[in-house]
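Asks: any chance you can model this:
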Amino acid sequence: MRITMAGIQRVLDLLDSDLTHMALDAEETTEQGLQDEYYRAALTPPFRDGNTTVREIYLDETQGVGRIRGIAVLSQATDTPGTGLLFAFDQVEIEKTDRNSLTISVEITVEEGA
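Replies: Okay, the predicted model is just below:
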């Protein structure tokens with residue numbers, strides 16, 4: 001069975017409404033979740049480019065200061081640490097200081113598989 005372009009757009013619509021927050025982890029994020037979450041922010045409204053939805057958070061000089069080792073995208077989350085479901089994660093090595101700002105962008109592409 002093949003998914004239609006309308007079906008792909010519907011999946012993106014559902015993702016756009018379900019993904020709510022991004023969290024930063026001082027340790028390595030795993031399938032089991034964040035090990036040492038120290039900052040969380042609501043995602044910006046989605047930007048759509050074809051079959052790709054783009055979500056971001058912006059950290060000014062005072063936000064998210066510390067060593068970032070994991071980044072997690074959460075669904076159905078609130079501003080309270082520990083809430084929501086882990087949707088996606090990645091390991092990084094970023095030293096965020098109070099002398100710089102940072103924008104973290106996540107692109108999610110939905111496409112038909114083979």
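
Asks: could you identify the helix or strand that succeeds the helix or strand where L86 lies?
Replies: Assigned by DSSP states H and E, L86 belongs to strand 85-96. On the C-terminal side of strand 85-96, the nearest following helix or strand under DSSP H and E is strand 102-109.

Asks: return the set of buried residues in that next one.
Replies: Of the residues in strand 102-109, those buried under the neighbour-count criterion (16 or more other Cβ atoms under 10 Å) are 102, 104, 106, 108. The way it works is simple: take the backbone N, C-alpha and C, and place the C-beta from them, glycine included.

Asks: what sits against the spatially most central residue of the chain?
Replies: Ranked by distance to the mean C-alpha position of the chain (Cα atoms, centre = their mean), the top residue is V73 at 2.9 Å. Shown here is V73, whose contacts under the criterion Cβ atoms under 8 Å, 6 or more residues apart in numbering are 19, 21-22, 43, 55, 86-89, 106.

Asks: gap between it and I57?
Replies: To I57, V73 is 10 Å away according to Cβ to Cβ, to the nearest Å.

Asks: okay, and the common contacts of the two?
Replies: Counting by Cβ under 8 Å, 6+ apart, the contacts common to V73 and I57 are 22, 43.

Asks: the residue nearest to the centre of the chain belongs to a helix?
Replies: No - assessed by DSSP: H, G, I helix; E, B strand; the rest coil, V73 does not belong to a helix; its assignment is strand.

Asks: so what sits opposite it in the bridge?
Replies: Using DSSP bridges, the beta-bridge partners of V73 come out as M22, A88.

Asks: do you know how far it is from A26?
Replies: Taking Cβ to Cβ as the measure, V73 falls 17 Å from A26.

Asks: try G66
Replies: Relative to A26, G66 is positioned 6 Å away (criterion: Cβ to Cβ).
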